[in-house]
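Undergrad: Turn this into a model:
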Amino acid sequence: MPSTTHHRLSYIEFGVTDLVAPRAFYESAFGWTFNDYGRSYAGIRAASGDGEVGGLNPQAQPSDAGPLVLLVSDDLDASVTAVEAAGGTIVAGPYDFPGGRRFEFTDPSGNRLGVFSDS
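TA: I've put the predicted structure just below:
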């Protein structure tokens, strides 16, 4: 029988222009916490506190052309406000899509992400 975790998303890494602005952005907009690895990397802690789900890598190039990472929100309008207040730029939406609403934004390094809500 196949494993239920086969092909699951394990880790996402963002290329960033520096660690300070993107880290402050994600902390402020979404409450993310990080593991510090000096000036070369910041690991995004899992919400459970057990391990990491991603990282910020200043050695990699930021991109808005890669896969679109989507975050879920219980309150999409509050998420829009939080992204803008943290220094992100809304680049699409909010707009309706089958099953809910969503918007897309770029972080201070230029990475493009989306946030959706099923209501």
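Undergrad: neighbours around Ala60, how many?
TA: For Ala60, the neighbour count with other C-beta atoms under 10 Å is 13. C-beta here means a position set from N, CA and C on the backbone, and glycine is covered the same way.
Undergrad: Look up phi and psi at it.
TA: Main-chain dihedrals, Ala60, degrees, to the nearest 10: phi -100, psi 150.
Undergrad: Check the gap between the residue lying closest to it once chain neighbours are set aside and Ala85 for me.
TA: Nearest residue to Ala60, sequence neighbours excluded (C-beta to C-beta, 6 or more residues apart in numbering): Gly15, at 3.3 Å. Remark: distance between Gly15 and Ala85 (C-beta to C-beta, to the nearest Å) = 24 Å.
Undergrad: What of Pro108?
TA: Pro108 is 13 Å from Ala85, where distance means C-beta to C-beta.
Undergrad: Neighbour count: these two, which is higher?
TA: Set side by side, Pro108 and Ala85 show more neighbours around Pro108, with 20 against 11, by other C-beta under 10 Å.
Undergrad: Now do the contacts for the more buried one.
TA: Thr17, Ala21, Pro22, Phe25, Gly87, Gly88 (C-beta atoms under 8 Å, 6 or more residues apart in numbering).
Undergrad: What helix or strand is the fifth one located in?
TA: Okay, so that is Gly87. Using DSSP states H and E, Gly87 maps to neither a helix nor a strand.
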